[in-house]
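Participant: Fold the following for me, if possible:
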Amino acid sequence: MSVRVGCFSGFWGDSTFGAAQLVKGGNLDYLVGDYLAEVTMGILARQRKTPKGGYVAEFVTTLEPLLSEIVTKKIKVVTNAGAMNPLGLKQAIEEVCKKAGLNVVVAAVVGDDLTDEFPKLLKAGKDVTPFDILGEEDDLPKRPMMSCNVYTGAFAVSEALAKGAQIVVTGRAVDSALVVGPLIKEFGWKAADFDLLAAGSVAGHIIECGCHATGGNFTDWEQSYSFGWDNVGYPIAEVKPDGTFVISKPPKTGGIVTTGTVCEQLVYEIHDPAAYILPDVIVDFTQVKVKQLTLPNLATGEGGSVLVTGAKGRPPTSTYKASVTYLGGFKMDAVLMIGGIDAKKKAFAVADGILTRTRRLFQERGYGDYSNVHLEALGAETSYGPNGRMDDSREVLLRIATTHSDKRALALLSKELSPSALSMAPGITGSASGRPKFVPYLMYRSCLINKSAVSLSVHIGTEQFLATDTWEQIKSIKVQPLAQPPQDPLVNFTVDPSVAKITVPLIKLCQGRSGDKGDCSNIGIICRHPQFYKVIGAELTEEKVAKYLSHLVNGQVKRYEVPGIYAYNFVCTSALGGGGLESLKMDRQGKCYAQQLLDFPVTIPRSLLYLAKL
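Facilitator: Numbering: from 1, shown residues only. Got it, this is the predicted structure:
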């Protein structure tokens, strides 16, 4: 027996064709869609005040034309598109099903939204604790709060399915819970089955970002592109009761599934790979193994498949992580194209002129200064800092990103951009799509909230019931130390220091992927061959990475080992200008940080060069 789960959405904004591809060609038992991220919750928090706001309405329009086929094929659907308003989404789906003449049981998991309760919990002072990474705590600003949601687990989802729900919508369920919930229901996994829950969580983690597992955002992108991106395949995890699973995609679709595509997603945004904390389990990724079962083949339409084993789990913590958003004023992005000789130099001179002028006008009007300003010359590699090579670029986009407590100030800035074309440097043209507009500036923070302060419930049809408190079932279980794995002879490969050496870019020896968690960047580096592991470990130290990325990272750099897949994971704190929701950087989620690090020069024995990508 096995269960096939396909993921059609990796974020709110993913392609609308993924669901149809999986329903029609995926031979699925479950269809899941992950829509939520820190940025998404902030956007939806602004919409939650209306009855039909606060959820991802796009989910309904994506599902509607597929409902009949989903019902006929007995595919069940799980999504966190409910976001800030899961009951509103439940009602919208029920209306669409009724209109189509379909009798579909829809359930909503609620209780993650603590927006009303959070101020009381803070005042009481016993259920809220700071969230920290490497000892750096998130502060909770004294600003108007927009929302507070805890990241919930998989057991409420499984209970909804066990009660007969065919479609389950949640609020801020953790991404992997959308996959683990169905597995709990189908296989009867219990709250204390930590290794099984960990394995299911790894399966969910791999497919939760959609095409990240099938050749999207892949270091060796040309290999993926050669199989086509116009109909890129969305990922499927076929899971067995023992937790082992195979990653694949529908036949005759684009992209690829290889150990490389799977490993890049394995290390994506996991922080400490030995202690990836989820609501239902703490996952240890360090001894996960991957094995290529079938290779991609353009002639036959085979997309490739990869077996994943080896996840281990420990009891979860007594707290939920909470996502809290605040209103921090207003922000605006402005862009001007500047061409010609010394384009970069001209761009920053123009920015100085505009900012100095507007600051003078602000003072005259009593608006006060900007809260934050961030400048970039896109096309001149300003994001690379001292590692950039394009100071002589003859074409750049000047990007001026600002925040202010008074929207009148940003309205004035908007009017003072275009005049620079007549009064400042030569070669200024175009201001994107007219005068830029300011928007509310939202801030994101995390904290921990005791599970005892949260009560989840399931609304199914016209009924509702409290979800089982699985924490009460397992909180007395003592944590057992994880068994040490056997030594891998390839990992312990050593190099004679006297042999001839050669220096090459890291990308020749490794693949990489990066992402965000709050203001932290997570950079996963995977060796292309096991014999590179020790060499890369010696070359790519915390100190060297911190120095190389010093223009991006204002905090610490911590390196973790993932020997099962011959990888290293770097966690960089205070690295994103506040994180995805708050940052003024263009790369506010650190998606390009791995690409920068892959240019890092490493010295290896010449005898290993034949194993590198040349």
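Participant: For the stretch 151-300 of the chain, just list every one of the strands.
Facilitator: With DSSP state E, counting those that start in this stretch, the ranges of strands along the stretch 151-300 of the chain come out as 167-170, 236-239, 245-248, 276-277, 282-284, 289-294.
Participant: er, the stretch 401-550 of the chain I mean
Facilitator: 428-429, 439-450, 457-460, 463-466, 501-505, 510-517, 520-527.
Participant: Relative to residue 586, which of those strands is closest?
Facilitator: strand 510-517 (13.4 Å; CB to CB). C-beta coordinates here come from the backbone N, C-alpha and C atoms, glycine included.
Participant: List the contacts of the closest one.
Facilitator: 38, 133, 212, 217-220, 260, 263-265, 267-269, 271, 506, 521-528, 532, 536, 576, 579-580, 588-595, 597-598 (CB atoms under 8 Å, 6 or more residues apart in numbering).
Participant: which among those end up buried?
Facilitator: 38, 133, 212, 217-220, 260, 263-265, 267-269, 271, 506, 521-528, 532, 536, 576, 579-580, 588-590, 593-595, 597-598 (16 or more other CB atoms under 10 Å).
Participant: Could you pull up the mean pLDDT of stretch 231-250?
Facilitator: Averaging pLDDT along stretch 231-250 yields 98.
Participant: and if you look at stretch 445-453?
Facilitator: 95.
Participant: Distance from it to the middle of the chain?
Facilitator: 21 Å (CA atoms, centre = their mean, to the nearest Å).
Participant: Using PDB, write down the CA coordinates of that stretch.
Facilitator: The C-alpha trace of stretch 445-453 is given here as PDB (Å, rounded to 0.1, in the frame of the first residue of the first chain):
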ATOM      1  CA  ARG A 445       8.100  39.100  14.000                       C
ATOM      2  CA  SER A 446       8.100  35.600  15.600                       C
ATOM      3  CA  CYS A 447       7.500  34.400  19.100                       C
ATOM      4  CA  LEU A 448       6.600  31.200  20.900                       C
ATOM      5  CA  ILE A 449       3.200  30.500  22.400                       C
ATOM      6  CA  ASN A 450       2.500  27.600  24.700                       C
ATOM      7  CA  LYS A 451       0.400  24.900  23.100                       C
ATOM      8  CA  SER A 452      -1.800  24.800  26.200                       C
ATOM      9  CA  ALA A 453      -3.000  28.300  25.300                       C
END
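Participant: hmm, who's touching it?
Facilitator: 114, 117, 121, 126-131, 138-141, 150, 317-326, 469, 471, 518.
Participant: Please list the members of the residues you listed that lie in strands.
Facilitator: 128, 129, 130, 150, 319, 320, 321, 322, 323, 324, 325, 326 (DSSP state E).
Participant: from the residues you listed, which single one is nearest residue 606?
Facilitator: residue 321 (47.1 Å).
Participant: hang on, the earlier thing: just the buried residues out of the contacts of stretch 445-453, in ChimeraX syntax.
Facilitator: Only the buried entries of these go into this ChimeraX selection, using 16+ other CB under 10 Å:
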select :114,121,127,128,131,138,140,150,317,319,320,321,322,323,324,325,326,471,518
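Participant: Centre of the chain to stretch 157-164, how far?
Facilitator: Counting by CA atoms, centre = their mean, stretch 157-164 comes out at 27 Å from the chain centroid.
Participant: State the mean pLDDT of that stretch.
Facilitator: pLDDT averaged over stretch 157-164 gives 98.
Participant: what does it rub up against?
Facilitator: The contact list for stretch 157-164, computed with CB under 8 Å, 6+ apart, reads 76, 78, 105, 107, 109, 168, 170, 173, 177-178, 180-182, 184-185, 458, 460, 465, 467-468.
Participant: what pairs with residue 128 across the strands?
Facilitator: In this structure, residue 128 bridges to residue 449 when assessed by DSSP bridges.
Participant: coming back round to it: what would the strands of the stretch 151-300 of the chain look like in a markdown table with mean neighbour count?
Facilitator: Supplementary listing: these in a markdown table, determined by neighbours: other CB atoms under 10 Å:
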| stretch | mean neighbour count |
| --- | --- |
| strand 167-170 | 31 |
| strand 236-239 | 26 |
| strand 245-248 | 25 |
| strand 276-277 | 20 |
| strand 282-284 | 24 |
| strand 289-294 | 15 |
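Participant: Report the contact partners of the residue lying closest to residue 399 once chain neighbours are set aside.
Facilitator: Nearest non-adjacent residue to residue 399, counting by CB to CB, 6 or more residues apart in numbering: residue 376, 4.4 Å away. Residues near residue 376 by CB under 8 Å, 6+ apart: 382, 383, 398, 399, 401, 585, 586.
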